[in-house]
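S.K.: The amino acid sequence is not available; the structure is as follows:
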DNA sequence: AATGAATGAGGGTTCATTCAT
DNA sequence: AATGAATGAACCCTCATTCAT
């Protein structure tokens, strides 16, 4: 059972289609995504992008005004469209949580988030590196993160707490634990993007570990 | 109680002293560290470094052959000296774990690791960004990580498992859980290096959460 | 009383009509004139011209083969059609100078020339800048200037000299003085095209000054 | 007899020396001056400048930050140093005009100004072209022209008017006539910088024409 | 005829690196 | 050892021009 549809690839493609850009420009964007992710934004020249995209340098600048524009075009869907979209789908999807046990819920939610990261690993790798040094990207991230509708999730935690399935800690501590569990699987992927993991198994293990703890 | 001495600052300075370099060169290294961390390696020019260090550009190239040499000089202590040193100290320090309960042990070990990261945040920020795109750094990291004496830690886990204080899961799963718990506190610091956290409280909370789990 | 009709605007439009070009192309020419004059030829892009003209870039190249062609199209009427036309009209107009005194004649001729410059300030500004650096334009100018029918004017000066109304200097010296007097009013306009001057008054003053001199 | 020393070449060299720049940088400046004057600022590439100066492209940017900086460096001495210097020398030089007749004075002053223009023809050609389209240069010119100490000159005119040697017109009309007379000799030089003229003869003729007028 | 996306040579500029002082 | 002016490859970007639609 899946609460939400986080398939970011399709959302990314959607957002590309919404931009109404030509195939050529899509290939430029794809080349940028690939090279920025593999080599880093600063280590990628617009000439390289043009070559990989199979177009002339000028074409790169036709749609996106400059190199920073390419970065924005690559990250913008992730930052300003996909994250909110996913978040709202999530919020909607959890309106009727009356069924599952918390463990199952936890596994589902973690699997979704992790799959999201895996499906968008290139973008997220770029985002990680740039958020660390690029003030503009950092601010955009902060703004979008601040908008995330945590209220719904909070209510849900309260629900499970009232059901006696979730420890009575404050929201942020529980959220932090969940994020940490996901990080333990995802951080290695950030550094080694070619690795593959079994998301279902990982989320199952993570959920179990999270809930049971390390006590025998 | 602290098992090991991870105070990396002193170790870093030690390694500097071992290099037997002049004050001038130390200021170059310090400037590189600061700027690489704040702006990123690729966004920092050697001229900027020289200016912040208060020396001429040529001086930067006197000791360190090129810009990559600066990166190596900044990261090398962390990669090839400090990590092993800390690891061995850790290995030595845990040879007689006969005292504390697992919770206390867990808190101590996590506090040490987290303090290590916090004390060396600039280097680690650089390391994170460069490991993602720099093949050479990535290989160095892999080699050093492979050398880490996990055997000792594994024995220790077995000891606590035999004591009935630690769940009977395989080593990597337990280690992953611990690392994840630390990540939940450290990852934000990577992105916002000016934030401060209460490491003692964080490690205490993390240890408790880890062991008890989210079950009420 | 006006000896000649120098209204260049109408002559310019005439020459446009003679070219038998479409409204679209006229707007391209108008946009080129405006932008070349305001920003300079080299600082104006064909894209800018197309935008101001409200057409596509390709359309600019339909009629005029390249950017240089635009410059030629803008300046050509001034260089090769208007100047000779005006000159010949002038020559014809002065065939019966039996009326006015020299002062009146001088004022009229200066007013005409100055009005000519003012009516065509944009073209003349372009001409000035390009003649200074563009060999082709410079040669065209030289050729056209060489063709000017000064003979008629020379005869006229002789007539006034015989009448005892004009000092007995050589033609070029007298011409130079007249041109200098006009320059003193026109050069500022070249630099500040938005300024306006009272041509009638200016020519009157100039003529008086020229004839009387600075002696009390 | 010369009232002032307008030899701009020496003043230009002085200002270069005051800048305390190397021979290499002087050659860059000289090359810029030559090429900007011959081809125009916009038609000259920094590569061309470097080649003519016999240095690498980077060297051009060492002292002068960008191409605009080269233009400023070339024009600044003329705009902000030489003009005021000449003007003040002029003001000082005329403090004791008790000797000469107005004709002689006029010839001297015109000869000085014209020699000034001839000595600095390259810079003035650049100035003319750029003032027409470059807002920054235009503003600089306006500011410097506004500073010119015309008061002294005005007094002098009054003196000659009281002496009965100068017509009783307002200052600006007289000044305009003088400037126009000089223009009639200088404007051709602006367009054909390789022409040479006999400044002494030109100023003599111009002064005579100005004073006597065209009346026989 | 009109369009405008695509082209790529060429321009301005940066910056790691060198070397004479 | 230290300096910093000089270097030039390589970068980002522009824009005159073309051509398939």
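M.R.: Looks like it came in fine. Keep in mind the model is a prediction, meaning the values are calculated, not measured.
S.K.: longest helix anywhere in chain A?
M.R.: The longest helix of chain A (DSSP state H) is helix A:171-191.
S.K.: next SSE after that one?
M.R.: Remark: after helix A:171-191, the chain's next helix or strand is helix A:199-212, criterion DSSP states H and E.
S.K.: tell me which residues in the longest helix of chain A are buried?
M.R.: For helix A:171-191, the neighbour count (16 or more other C-beta atoms under 10 Å in any protein chain shown) marks A:174-187, A:189-190 as buried. For glycine as for every other residue, the C-beta is placed from the backbone atoms N, C-alpha and C.
S.K.: Kindly report the same for stretch A:164-171.
M.R.: For stretch A:164-171, by 16+ other C-beta under 10 Å, it's A:165, A:166, A:167, A:169.
S.K.: ok and the helix or strand hosting residue A:151 relative to helix A:171-191, angle-wise?
M.R.: If you go by DSSP H and E, residue A:151 is part of helix A:150-162. Calculated by axes from the mean of the first three to the mean of the last three C-alpha atoms, to 10 degrees, helix A:150-162 forms an angle of 110 degrees with helix A:171-191.
S.K.: Which strands or helices does helix A:150-162 pack on?
M.R.: Secondary-structure packing of helix A:150-162 (3 or more C-beta pairs under 8 Å, 6 or more residues apart in numbering or on different chains; DSSP states H and E): helix A:83-93, helix A:102-119, helix A:171-191.
S.K.: could you give the mean pLDDT of that helix?
M.R.: For helix A:150-162, mean pLDDT rounds to 85.
S.K.: same check, this time on stretch A:114-126
M.R.: 91.
S.K.: Quick one: residues contacting the closest residue to residue A:122 other than its chain neighbours.
M.R.: Counting by C-beta to C-beta, 6 or more residues apart in numbering or on different chains, residue A:122 lies nearest to residue A:37, which is 3.7 Å off, once chain neighbours are set aside. Contacts for residue A:37 were tallied using C-beta atoms under 8 Å, 6 or more residues apart in numbering or on different chains; they are A:121, A:122, A:123, A:125, A:126, A:193.
S.K.: What sits closest to the fourth one if chain neighbours are left out?
M.R.: Computed as C-beta to C-beta, 6+ apart, the closest residue to residue A:125 that is not its neighbour in sequence is residue A:37, at 4.9 Å.
S.K.: For that neighbour, give me the pLDDT.
M.R.: 96.
S.K.: now swap in residue A:20 and tell me
M.R.: For residue A:20, the pLDDT comes out at 71.
S.K.: Return the residues of chain A in contact with DNA strand E.
M.R.: A:22, A:24, A:25, A:55, A:56, A:57, A:58, A:59, A:61, A:62, A:63 (C-beta under 7 Å from any atom of the strand).
S.K.: what's the third one sitting at in phi/psi?
M.R.: Here the main-chain torsion angles of residue A:25 (degrees, to the nearest 10) amount to phi -70, psi -30.
S.K.: count of residues packed around the closest residue to DNA strand E within chain A?
M.R.: Chain A approaches DNA strand E most closely through residue A:58 (1.7 Å), counting by C-beta to the nearest atom of the strand. For residue A:58, the count of nearby residues is 9 (other C-beta atoms under 10 Å in any protein chain shown).
S.K.: re the thing from before, any idea how far residue B:46 is from the residue nearest to residue A:125?
M.R.: 27 Å (C-beta to C-beta, to the nearest Å).
S.K.: before we move on, what about residue A:215?
M.R.: Residue A:215 sits at a distance of 54 Å from residue B:46 (criterion: C-beta to C-beta).
S.K.: same thing with residue A:101?
M.R.: Taking C-beta to C-beta, one finds residue A:101 at 59 Å from residue B:46.
S.K.: circling back: the residue of chain A closest to DNA strand E and chain C, how far apart?
M.R.: 12 Å (C-beta to the nearest C-beta, to the nearest Å).
S.K.: What's the local residue count around residue A:212?
M.R.: Counted with other C-beta under 10 Å, residue A:212 comes out at 16.
S.K.: How about the contacts made by it?
M.R.: Listed by C-beta under 8 Å, 6+ apart, the contact partners of residue A:212 are B:167, B:213, B:215.
S.K.: which ones are touching the last one?
M.R.: Same thing as residue B:215. A:165, A:167, A:211, A:212, A:213.
S.K.: run the last query once more with 7 Å
M.R.: A:167, A:211, A:212 (C-beta atoms under 7 Å, 6 or more residues apart in numbering or on different chains).
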